[in-house]
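In: Fold the following, please.
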Amino acid sequence: MADPIILVVDDDVAIAEAIEIYLRGEGYRVRLAHDGLQALEAVRREPIDLIVMDVMMPGLDGIHATMRIREEHPAPIPILMLSAKSEDLDKICGLNIGADDYVTKPFNPLELLARVRALLRRSQLGQGDGTRGQGDGGPFPNSPGKRRPAPNPRSTPPTRRRGPR
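Out: Numbering: from 1, shown residues only. The predicted structure follows:
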């Protein structure tokens, strides 16, 4: 398989280029966009394996760009939101509109790379069978469509119930 293509969308050119350097250092192919409209054009132009999307951008912001990408692409592209907005409600909003993960600025580049790897790994698990992203256990392993956690092997097996004597 070819190296994944990651689209980095941030209106701050210095941040976008720094992320590009980190990602290229890990062997990823990187495309840059500086607003939501450029992101939409990039996604229409070539297959993208993952998007790192800033939230606050001029024109079409990251929230609305994510919503449009989700509407236009039946096969979901993993989207990692990157934002200076760190309130819980901002994170919840980003995740509810379709982001797969949310990282706040300033960020640790090693954490960003680890999250990118995790999202790519999860998206590749379900490729080809229509279950992209399902069955990974996720934060809610008992949710519909998710596998059940394995029983704890150290737990005591159930005892037999004895009938009346």
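
In: from here on, contacts and neighbour counts on C-alpha atoms
Out: Will do.

In: show me the contacts for the most centrally placed residue in the chain.
Out: With the centre of the chain defined as its mean C-alpha position, the nearest residue by C-alpha atoms, centre = their mean is Asp100, 3.5 Å away. The neighbours of Asp100, taking C-alpha atoms under 8 Å, 6 or more residues apart in numbering as the test, are 78-81, 119.

In: Recalculate using a threshold of 6 Å.
Out: Applying C-alpha atoms under 6 Å, 6 or more residues apart in numbering to Asp100 gives the contacts 78-80.

In: Look up phi and psi at it.
Out: Here the main-chain torsion angles of Asp100 (degrees, to the nearest 10) amount to phi -100, psi -20.

In: which residue sits closest to it, ignoring its sequence neighbours?
Out: Leaving aside its sequence neighbours, Asp100 sits nearest to Ile79 (C-alpha to C-alpha, 6 or more residues apart in numbering; 5.3 Å).

In: Burial check on Gly36, number of neighbours?
Out: By the criterion of other C-alpha atoms under 10 Å, Gly36 has 28 neighbours.

In: now Gly62
Out: Other residues close to Gly62 by other C-alpha under 10 Å number 27.

In: Next, the nearest residue to it once chain neighbours are set aside: phi, psi?
Out: By the measure of C-alpha to C-alpha, 6+ apart, the closest residue to Gly62 outside its immediate chain neighbours is Val55, 4.1 Å from it. According to degrees, to the nearest 10, the main-chain angles of Val55 amount to phi -90, psi -50.

In: residues in contact with Val55?
Out: For Val55, the residues meeting the contact criterion (C-alpha under 6 Å, 6+ apart) are 61-63, 83.

In: try 10 Å
Out: Applying C-alpha atoms under 10 Å, 6 or more residues apart in numbering, one finds that Val55 lies in contact with 9-11, 35-36, 61-66, 81-85, 90, 94, 102.

In: what would the contacts of Asp100 look like in CSV with neighbour count?
Out: Listed next are the contacts of Asp100 as CSV, based on neighbours: other C-alpha atoms under 10 Å:
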residue, neighbour count
Pro78, 24
Ile79, 25
Leu80, 25
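
In: Of the residues you listed, just say which sits nearest to Leu110.
Out: The shortest distance between Leu110 and any of these, using C-alpha to C-alpha, involves Leu80 and amounts to 14.5 Å.

In: what comes into contact with the host helix or strand of that closest one?
Out: Leu80 is located in strand 79-83, with elements delineated by DSSP states H and E. Taking contacts as C-alpha under 10 Å, 6+ apart, the residues outside strand 79-83 that touch it are 6-10, 49-56, 62-63, 66, 69-70, 90-91, 94-95, 98-107, 112, 115-116, 119.
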